[in-house]
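Q: All I have is the shape, not the residue letters:
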């Protein structure tokens, strides 16, 4: 369902809801990449919730290729919830209008950690057709992580506090492994960390296998001797090449 969110989130105001690389655009805009934040508002991909231009090297590369990269502000404990999806859709729509991209515009979603989990959920909830999903060290099973860290429970409960259903059911609604059959059949790039201290790599293995069992295209990279949110240089390069090529395809 589409609401009249464009009254508030529109081309003239979109930078209040996302940091973008628009200042570095060269030539015609060809597509959009959304980036969802990690827990607390950080990002292993480079985004920040401080209002500013998105000027990281990869953001400038996307801009040079006519791709708008938007780091969203859905809240530091959003966990890809309905509010995060609603904001992401509204920002995507505003940017598409701003650059006259039409209705079926090239759109990809990305993120790391909570942002990776959120990007997977976005593939289940968005009203737009996605060109791809890039998720780094994503949390895929919220109930299984409920007691991993003492600060986790309050963030999970906060994310689903507005869901009118039992808490267990609400937590499953924001768990990609429990929504795997709802995810769009598009291209996925997923990477994990073998020494991840927050999200067991085996959890991501299980999720990827579930996607593959649906016949969905998944590029999966397990990164040895890396901790949560770390990238091997070749994986970082490959993921950004995936994002670039999928939007421009």
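A: Thanks, I have it. None of the values given here were measured: they were computed from a predicted structure.
Q: Find the nearest non-adjacent residue to residue 76, please.
A: residue 41 (4.2 Å; C-beta to C-beta, 6 or more residues apart in numbering). In short, each C-beta sits where N, CA and C put it, glycine included.
Q: wait, residue 62
A: Closest to residue 62 by C-beta to C-beta, 6+ apart is residue 69, at 4.8 Å.
Q: contacting residues for that neighbour?
A: 20-21, 32-33, 35, 54, 58-59, 62-63 (C-beta atoms under 8 Å, 6 or more residues apart in numbering).
Q: May I see the ChimeraX selection of the buried members of the residues you listed?
A: Of these, the buried ones can be selected in ChimeraX as follows, counting by 16 or more other C-beta atoms under 10 Å:
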select :20,21,32,33,35,54,58,59,62,63
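Q: Would you mind measuring from the residue most central in space within the chain to residue 199?
A: For the chain, residue 119 is the residue whose C-alpha lies nearest the centre (C-alpha atoms, centre = their mean; 2.8 Å). Distance, residue 119 to residue 199, by C-beta to C-beta, to the nearest Å: 14 Å.
Q: And residue 115, by the same measure?
A: As judged by C-beta to C-beta, residue 115 and residue 199 stand 13 Å apart.
Q: likewise residue 34?
A: Residue 34 is 21 Å from residue 199, where distance means C-beta to C-beta.
Q: And the helices in the chain?
A: 57-64, 82-98, 114-125, 152-159, 167-173, 201-213, 233-248 (DSSP state H).
Q: picking that back up, for beta bridges, what are the partners of the residue nearest to residue 62?
A: Per DSSP bridges, the residues bridged to residue 69 are residue 33.
Q: ok so, going back, so residue 115 and residue 199 - more neighbours on which side?
A: It is residue 115, of residue 115 and residue 199, that has more neighbours when counted by other C-beta atoms under 10 Å, with 37 against 23.
Q: does residue 248 really touch residue 64, like I thought?
A: No. Using C-beta atoms under 8 Å, residue 248 is not in contact with residue 64, being 11.9 Å away.
Q: Chain neighbours aside, what residue packs nearest to residue 45?
A: Once flanking residues are discounted, residue 45 sits nearest to residue 112: 5.2 Å by C-beta to C-beta, 6+ apart.
Q: Residue 19: neighbour count?
A: So residue 19, with other C-beta under 10 Å, has 22 neighbours.
Q: who does it bridge with?
A: The partner residues for residue 19, given DSSP bridges, come to residue 71.
Q: ok, it to residue 29 distance?
A: For residue 19, the distance to residue 29 equals 17 Å [C-beta to C-beta].
Q: cool, and residue 93?
A: In this view, residue 93 and residue 29 are 14 Å apart by C-beta to C-beta.
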